[in-house]
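heads up, no residue letters with this:
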């Protein structure tokens, strides 16, 4: 089950349908863990100001 969630997250991130933080959430891992797995999945980091703003909002919701 966890592997399937990771695959879905990778594909969504690869197609730029979700942000890094959302992909990590889908995969059920912390962002740093998702970033660590990116090389194995042949993913490039896509992170812009919109992603940064989304991450700030996500952190604010958790506080």
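Everything's here; your move. It should be emphasised that the depicted structure is a prediction, and the values quoted were computed from it without experimental measurement.

ok, residues contacting the host helix or strand of residue 34?
According to DSSP states H and E, residue 34 maps onto helix 31-38. With contact meaning Cβ atoms under 8 Å, 6 or more residues apart in numbering, helix 31-38 is reached by 6, 9, 20, 21, 23, 24, 27, 29, 44, 45, 55. C-betas here are computed from N, CA, C, even on glycine.

Quick check: which ranges of this protein have low pLDDT?
Counting by pLDDT under 70, the chain contains no low-confidence range.

residue boundaries of the helices in it?
With DSSP state H as the definition, the chain shows helices at residue ranges 2-14, 20-27, 31-38, 49-62.

Out of the ones you listed, indicate the one that is most buried.
Among those, helix 20-27 has the highest mean neighbour count (mean count of other Cβ atoms under 10 Å), at a mean of 21.

report the angle between the axes of that helix and helix 31-38?
80 degrees (axes from the mean of the first three to the mean of the last three Cα atoms, to 10 degrees).

And residue 53, how close does it get to residue 19?
10 Å (Cβ to Cβ, to the nearest Å).

With residue 29 instead?
14 Å.

Compare these two (neighbour count), which wins?
residue 19 (22 against 18; other Cβ atoms under 10 Å).

mind listing what the more buried one touches?
50, 51, 54, 55.

so what's the third one closest to, chain neighbours aside?
Okay, so that is residue 54. In space, and not counting its chain neighbours, residue 54 is closest to residue 19: 5.0 Å by Cβ to Cβ, 6 or more residues apart in numbering.
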